[in-house]
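>>> Got a sequence here, can you build the structure:
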Amino acid sequence: MDTSRPPVPDPDLTALAAALGSLAAAFDIRWVEECASTNSALLDALPENDGRAHVFVATRQSAGRGRRGRQWLAWPGASLTFSVLWRFAPGAPVPAGLSLVVGLALACTLEKLGVSAVTLKWPNDVLVNGAKISGILVEVSPERGGTLAAVIGIGLNLRLPADAAIPDQGGSVTDLTRELGEVPSREMLLAAILSELHPMLTAYGGSGFGLLRETWQQRNAFANLPVRVSGDGLDVTGSCLGVDEEGALLVRVGDGMHRVYAGDVSLRHAS
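All right, here's what the predicted structure looks like:
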């Protein structure tokens, strides 16, 4: 732990429940000082299906994970890092579009807090003025009876150290302190995110991504810009037209259309 930074206070779970209000009963929340990975903590011992969404929060992750095998770094007090276990009924449209729905919930939360110029980079990054402020990692585990357990990992930058070095981060990064000046408590932030996430995941599980597609499109960071998509044996350059009703990325290549599904691929501005 970096002793040069002020200690992180213990979480106030009573304040968290009060901030969630009527939604408090919809979540089972566990908050620990440190763990290797909040996603792994849930996946390694899936809680029983009791009708609630299970949330695992860590003040610090020692081995947090991002997409494509990258490490998610977290300094004490610098990030809000947590995972949500959400179960979908058989036949629900998972995992297509799920990370986009989560990103949309995060974007709406930040906008309500007063952050401007929030955009979404397909499939799992939230940007502010083009700089990454939050990332998402979705991992799905099938269960008996056709139920799918989706573990959604979220990392939100709060106060990054001035000398923070983030390997494999292609673009710039930002944090909530830079964007707002004064950051709400971790409990209030978590409650705000969960309050946006719950109704969106409920709607997505029932009706798919189609109803949320246009709202996502309005925040598309690369709308109509030249992009390059590579990975998984794919290398496509064209104009980003957004996403379809399944959450696949649409790239216009010449007179044709290329549909890209989320996987081990990278999206970036084309040079």
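>>> most centrally placed residue in the protein?
In the chain, the residue lying closest to the centroid (C-alpha atoms, centre = their mean) is Ile136, at 2.9 Å.
>>> quick check, that one in a helix?
No - according to DSSP: H, G, I helix; E, B strand; the rest coil, the state of Ile136 is strand, so it is not within a helix.
>>> who touches it in this structure?
Ser99, Val102, Gly103, Leu106, Asn124, Asp125, Val126, Ile152, Gly153, Ile154 (C-beta atoms under 8 Å, 6 or more residues apart in numbering). The way it works is simple: take the backbone N, C-alpha and C, and place the C-beta from them, glycine included.
>>> Gly208 now?
Pro93, Gly97, Glu245, Glu246.
>>> switch to 7 Å and redo it
Pro93, Glu245 (C-beta atoms under 7 Å, 6 or more residues apart in numbering).
>>> Can you show me the strands along the stretch 101-250 of the chain?
Here the stretch 101-250 of the chain has its strands, by DSSP state E, counting those that start in this stretch, at 118-121, 125-128, 131-142, 148-157, 226-231, 234-243, 249-253.
>>> follow-up on the earlier one: just send the contacts of Ile136 back as CSV, with neighbour count too.
Compiled in CSV, these are given as follows (neighbours: other C-beta atoms under 10 Å):
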residue, neighbour count
Ser99, 23
Val102, 29
Gly103, 26
Leu106, 24
Asn124, 22
Asp125, 21
Val126, 27
Ile152, 26
Gly153, 28
Ile154, 29
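>>> Return the closest of those residues with respect to Pro142.
Distance ranking of the contacts of Ile136 against Pro142, using C-beta to C-beta, places Ile152 first at 15.9 Å.
>>> about what we covered before: in the contacts of Ile136, find the pair that's most separated.
Within those, two members stand farthest from each other by C-beta to C-beta: Asp125 and Ile152, at 14.3 Å.
>>> which stretch of helix or strand covers Ser83?
Per DSSP states H and E: Ser83 is located in strand 79-88.
>>> counting contacts, what elements does that strand pack onto?
helix 38-43, strand 53-61, strand 148-157, helix 186-207 (3 or more C-beta pairs under 7 Å, 6 or more residues apart in numbering; DSSP states H and E).
>>> Asp235: how many residues sit nearby?
Residues contacting Asp235 under the criterion other C-beta atoms under 10 Å number 10.
>>> Residues in a beta bridge with it, which ones?
Counting by DSSP bridges, Asp235 is bridged to Ser230.
>>> all numbers from here: first residue = 58
Yes, from this point I'll number from 58; that puts the last item at Asp292.
>>> per-residue confidence for it?
If you check Asp292, the pLDDT there is 90.
>>> any weak-confidence spans in the chain?
For the chain, the stretches flagged by pLDDT under 70 are 58-64, 120-133, 220-228, 328.
>>> circling back to that earlier point, let's have the helices and strands packed on strand 136-145 in CSV, adding distance to Leu177.
As requested, the helices and strands packed on strand 136-145 are exported to CSV (distance: least, C-beta to C-beta, whole Å):
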stretch, distance to Leu177
helix 95-100, 21
strand 110-118, 22
strand 205-214, 14
helix 243-264, 13
